[in-house]
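Undergrad: sequence plus the predicted model coming up.
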Amino acid sequence: MTALATRDMAWRPAGHAAPPAAPPVVPAQPLRVALVGNPNCGKSTLFNALTGRREKVANFPGVTVERVEGRYEHGGATVMVLDLPGTYSLSPDAPDEALTLDVVHGRHAGTAAVDVFVVVLDAENLERNLYLATEVLELGRPTVIVLNRMDRLAAAGMKIDVFELIDALGAVVVPTVASTRAGIDRLRHVIARAPGLPLAPVPPARVAGAGDAERRYGNIAAVMRRAVTRDGAARPRLSDRVDAVLLHRVWGPVVFVAVMAIAFQALFTVAAPVAALLQSALGAVASVVRAAMPAGELRSLLVDGVIGGVGSVIVFVPQIALLFLCIGVLEDSGYLSRAAFVMDRFVRPFGLQGKSFIPLLSGFACAVPAILATRTIPQTRERLATIMVVPLMSCSARLPVYALLIAAFVPPATVAGAFTLQGVALLAMYLLGTVAALASAAVFRRTLLRGATRALILEMPPYAVPTPRVLFATVSQRVGVFVRRAGTVIFAISVLLWALGRYPRPHEHAAPEVQLAESSLGRVGRAVEPAVRPLGLDWKVGVAMVASFAAREVFVSTMATMYGVESGDGARPALAARLRAAKDAAGRPAYTIAAALGLLAFYVFALMCTSTLAVTVRETGGGWRGAGWAALQFSYMLALAWGCGFLVYRAGLALGLGVAA
Amino acid sequence: MILNWRGWIFGRGAAVASDRCVADCTALDCAVAECSLAACANGARATVRHLRCPQPEAARLRALGVYEGASVGVVDRRNGVLLDVCGSRLALDIGIAASIVVVLTAA
C-alpha cells in the first residue's frame, strides 16, 4: 500500500512536470461529478467511499440500473456525485446503458449538466475498460481516470506504470483501491481541481469514425504496450478450473440445484432456533404488558393487535435475513453470472435468455429491485416478458406465509438423510413459482410479446470471497426495509384488523368465537367466503387473504390477530398449532392438509404487493400503458392463483389428504 | 430442441453444421482456413475475421473486445463458449459463437 500511496501522490497530468500549484476551484454551485465505467468495475464501491453512503454493491454486471446521487464536502465546496449504470461503450444496448448515455450528453431530464467525468477502470481488465475511457476522453470534457482495484494486479501478474499511462492517455490518472478507501483522499483532491486542468488532447483520428472498434483497440494496444507489463506467459487461472465445473453442461445445473437446495434447507434448520428465541422474547413482552396493564380495550389492542400482529411477522426476520445472506453470497462471489450462463439454455425455450435469469433469481429476495434489474435486458419484448413473470418468483414476503403453513401442516420427517420434509416442501414452493414464471414467459413470448430471443453475451466477473462488511451492509439494508414495512404498513393493518375484529360487540360477555363472527371483520369474511369455499377454506382465511392484498405477509399477522382475539387474554400458543387444532362450527378440522396445500399454491401465484404493481407501471412505460400491463399482471396471476389453488385442493382430496395434519 | 435431447444435454447439437470446420481447422492449412468460433477446440487461439450476427450484437461484441482483427482464446466450449478476451472472460451462447468467423492462430 505504501508503494501505491507514493505513486498516488506523485500523479501529474500530461505535459506537467509537477502537480499544479493553483488552488482548487471553489465554484458557487456544487461541482457535479459523474462516475462512468464498465459494469462491475467498482463504481458503486467508489461512490460509497467518496460519499460515505451505502449503496448496494455486488460482484455481477448490472447491479446499478438507476442514477444514484450522493454528495460530499471538500475544501469548503460541495461535490455532487452521480453513480451511473455501467456501460461497455457510449453506444447503448439496454435501457440502463441508455440512461448513462443521456446523462453523459446532458440529455437526461432532471439531471443538470455534469462538470467532471470520473471514468472508473478495473485495473485488472485495463485493455477492455480503456475502450469506454477513450470514448469519454474524446468528448473533450474535464475527465479524471480512476485506476481501481490496483491491489489485484500482483495476483494477475500485471504491473501498470501509472506515469506512462498518464502520458499515453493525456489525462489525469488516479490509482485507487475503493474497497479499502486507498487513494480516495487523492481522488477528491484531483476532482476539486479537474475543471481547471488542461483537457486531454483529442487527435483528429479519434474523432473521425468513432465507431471503428479496430482502430480504437489499435490505439489501446499501443497504450498497453507502453504502460503495462506482465509476468511471463499467461498462467492458467484457478477460476478457469472452477468454471470447468460450474459452467459444465451437466455439472453446472447439478451444482446450481444443490446450492439452492442447501440454501432453502438452511432457511429452516439454521434460522429456526433464532426464530424460536425471538418468539419467546415477544411472548415475554406480551406477558409483561398483560401483567402491567388492567384488562381492557387498550391492553387487548397492544397484546392482540400490535404485539400479536406485528410480532407474528417480525418473528420471521431471522429466516429473511438468512435468505438475503444466501443471495448476497451468490451475488458477491461472482456465481450469479455463472448461474445465468448455465441457465441460459434452460430458459431459452421459454423465450427468455440468461440475462433474464438474474432478475428472476433476485425475485427470490424482492420483486421490486428484480423488476428494476430487468433494465439490463437489451430487447424490449424479452424485458417486458421478464417483468410480467418476476412476481411469480417467491419473494421474502411470501416466506412467512410458507413457513407458517408448512410448519402447521407438513410433518418434520427426515428425507434422504440430511433434508426434512418441511425443507423439501419449501423448496417445492420456490420451484413451483419458478416453473410457473417460465411457463408464463413462454405464453407471453408466443402471444403478446412475440419475437426472436437475443443472443447471450455475458461477462464473467472474477470469483471473489464475499466481504463480511459488504454482506452485512446488504443484509441489514434489506432486512431494514422489511422491518420498516412491519412497523408501518403491517402495524397499521394489524391495528385496523384488531378494531374490525373487536367491533361492533354483540354482548359484553359473548364467547370470543361469537364476537368475532358478529364483528365487522366477520361480516367481511362471510362476504368473501363463497370465493374461498371451493378451495376448502373458511371465512377467516378469506379475511386474511383480502387483508393481504396490499402486502402478502399481512396474511400471517391477520391470522394471528384473529386467533389472538379468539384466545382472549390467556397464554398464546404458537399460531401453527392453533391452525392445526382449529375446528369449524360442526367440530370438524377447519383446515385440512389438502386445503393448506391449495392455500400454499394460491400464495405462490397471487400478486399481493402494491409496491410491485407500482414499479411495474413505471417500468412498462408509465401512464395508461404501464397501468394496463400492471392490470394484466395482477389479473393473470390472480386467475392462476385461484385456479391452481382449486386444482391442488381437489387433487389433495382425491389423494386422501382431506384430513387434519 | 426436444427431439435433440442428447445434444441439448451434452452440447453436441448446436455446432453440427460447423463440424466440417473443425476438421478444416485441425488440418495443416488451418492458418488460412476460416471457421466459426463455435467449432474451435478448447485452448485454441483465433483471430476474428467477421461478425455475421445482427448489428446490435455485433456492436456489443466489438465493445467487449471481440472485433474484426481481435485475438481471442477459447477457454471452454462444452456449454456455449467461454472466451478469453483482453484478459477477461466472456461467455457466449452457441448461436452467437457460431456467427463469429475466425482464423486459428498458434495456441
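TA: Noted; the coordinates are in hand.

Undergrad: so for stretch A:627-645, what gets flagged as buried?
TA: Burial within stretch A:627-645, assessed by neighbour count using 16 or more other Cβ atoms under 10 Å in any protein chain shown, is assigned to A:629-630, A:633-634, A:636-638, A:640-642, A:644-645. Any C-beta I mention is one placed from the backbone N, CA and C, and that applies to glycine too.

Undergrad: so which of the residues you listed is the closest to A:M393?
TA: Relative to A:M393, the closest of those is A:M637; by Cβ to Cβ it sits at 11.7 Å.

Undergrad: quick one: low-confidence ranges for chain B?
TA: Across chain B, residues meeting the criterion (pLDDT under 70) sit at B:1-32, B:106-107.

Undergrad: do the stretch 401-550 of chain A as well
TA: Judged against pLDDT under 70, the low-scoring parts of the stretch 401-550 of chain A cover residues A:508, A:511-513.

Undergrad: which residues are in contact with A:E73?
TA: Residues counted as contacts of A:E73 (Cβ atoms under 8 Å, 6 or more residues apart in numbering or on different chains) are A:V79.

Undergrad: pretty sure it is in a strand, no?
TA: Yes - counting by DSSP: H, G, I helix; E, B strand; the rest coil, A:E73 falls inside a strand.

Undergrad: from chain B, how far out is it?
TA: Look at A:E73 and chain B: by Cβ to the nearest Cβ, to the nearest Å, they are 36 Å apart.

Undergrad: partners of that residue in the sheet?
TA: Note on A:E73: beta-bridge partners A:T78, judged by DSSP bridges.

Undergrad: all helices of chain B, in order?
TA: Here chain B has its helices, by DSSP state H, at B:5-10, B:19-25, B:55-63, B:94-98.

Undergrad: send me the shortest one as CSV with only the CA atoms.
TA: Coordinates of each C-alpha in helix B:94-98 appear next as CSV, following Å, rounded to 0.1, in the frame of the first residue of the first chain:
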residue,chain,number,x,y,z
ILE,B,94,-23.5,-21.3,-29.0
GLY,B,95,-25.7,-19.5,-31.6
ILE,B,96,-23.7,-16.2,-31.4
ALA,B,97,-20.4,-18.1,-31.3
ALA,B,98,-21.4,-19.8,-34.5
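
Undergrad: buried residues in that helix?
TA: Of the residues in helix B:94-98, those with enough neighbours to count as buried (16+ other Cβ under 10 Å) are B:94-98.

Undergrad: any idea which element A:P85 lies in?
TA: Remark: A:P85 resides in no helix or strand, with elements defined by DSSP states H and E.

Undergrad: give me the pLDDT for it.
TA: At A:P85 the predicted local confidence, pLDDT, stands at 88.

Undergrad: could you do A:A3 as well?
TA: Per-residue confidence at A:A3 stands at 35 (pLDDT).

Undergrad: what does A:I593 give?
TA: The predicted local confidence for A:I593 comes out at a pLDDT of 91.

Undergrad: ok, it - contacts?
TA: Listed by Cβ under 8 Å, 6+ apart, the contact partners of A:I593 are A:409, A:652, A:657-661.

Undergrad: just the buried residues from those residues, in ChimeraX please.
TA: With 16+ other Cβ under 10 Å as the burial test, the buried ones among those are selected in ChimeraX as follows:
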select /A:409,652,657,658,661
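
Undergrad: thinking again about what came up before, so which of the buried residues of stretch A:627-645 are in strands?
TA: In strands, judged by DSSP state E, none of those are found.

Undergrad: tabulate those residues in a markdown table, adding columns for distance to chain B and pLDDT.
TA: Converted to a markdown table, these look like this (distance: Cβ to the nearest Cβ, whole Å; pLDDT from 0 to 100):
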| residue | distance to chain B | pLDDT |
| --- | --- | --- |
| A:W629 | 24 | 96 |
| A:A630 | 28 | 95 |
| A:Q633 | 27 | 97 |
| A:F634 | 32 | 96 |
| A:Y636 | 26 | 97 |
| A:M637 | 27 | 97 |
| A:L638 | 32 | 95 |
| A:L640 | 24 | 96 |
| A:A641 | 29 | 96 |
| A:W642 | 31 | 96 |
| A:C644 | 25 | 95 |
| A:G645 | 30 | 95 |
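
Undergrad: hmm, A:I406 and A:T420 touching each other?
TA: No - here A:T420 lies out of contact with A:I406, judged by Cβ atoms under 8 Å, at a distance of 9.9 Å.

Undergrad: so which of the two has more stuff around it?
TA: Between A:T420 and A:I406, A:I406 has the larger neighbour count (other Cβ atoms under 10 Å in any protein chain shown), namely 25 against 19.

Undergrad: now the more buried one, what are its backbone angles?
TA: Phi and psi for A:I406, reported as degrees, to the nearest 10, are phi -70, psi -40.

Undergrad: and it, what is it in contact with?
TA: Taking Cβ under 8 Å, 6+ apart as the definition of contact, the neighbours of A:I406 are A:422, A:425-426, A:429, A:600.
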